[in-house]
Every structure is written in structure tokens, then in C-alpha cells.
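K.L.:
got a structure for you, letters missing:
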């Protein structure tokens with residue numbers, strides 16, 4: 001049962017990393033979303049915030 005928070009943190013980090021990579025790819029080559037650059041920047045900011053929060057929570061679990 002103590003493994004659940006660690007798995008949730010790692011899952012959140014993985015998903016936010018994927019979102020950040022997709023947003024960077026969309027800015028660079030226009031694939032996969034072909035959306036606006038403003039939304040891509042917002043995705044990058046939110047992914048960075050989630051990564052920071054996950055890192056902080058990971059430190060608290062140690």
C-alpha cells in the first residue's frame with residue numbers, strides 16, 4: 001500500500017513529460033496537434049509545474 005503514492009508520482013511525471021515533448025514537437029515541426037503556439041506554451045508551463053510538484057512530493061516521501 002505504501003507503493004501507491006510513489007507510483008502515482010512517477011505516473012504523473014511520465015505523463016507530464018510526454019505532454020511537454022509533444023508540445024515541443026508541435027512548436028518545432030507542427031506535428032501532432034497543428035495548434036496555436038500559445039497553447040503549446042501553456043502546455044509546457046503546466047507540464048513544468050506538474051514536474052516541479054512531483055519532484056517536491058517525491059522529496060517529501062523520502
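P.N.:
All right, it came through fine. Owing to the predicted nature of the structure, the values given are computational and were not obtained by experimental measurement. Numbering: from 1, shown residues only.

K.L.:
contacts only, for the closest residue to residue 48 other than its chain neighbours.
P.N.:
Computed as CB to CB, 6 or more residues apart in numbering, the closest residue to residue 48 that is not its neighbour in sequence is residue 20, at 7.2 Å. To be clear about C-beta, it is placed using only N, CA and C from the backbone, and glycine gets the same treatment. Neighbour list for residue 20: 43-44, 47-48, 51 [criterion: CB atoms under 8 Å, 6 or more residues apart in numbering].

K.L.:
closest one to residue 24 out of those residues, please.
P.N.:
Closest approach to residue 24 among the contacts of residue 20 (CB to CB): residue 44, at 7.1 Å.

K.L.:
now the helix or strand harbouring the closest one: average pLDDT?
P.N.:
Assessed by DSSP states H and E, residue 44 sits inside helix 37-61. The average pLDDT within helix 37-61 is 95.

K.L.:
buried residues in it?
P.N.:
Along helix 37-61, these residues count as buried under the neighbour rule (16 or more other CB atoms under 10 Å): 40, 43-44, 47, 50-51, 54.
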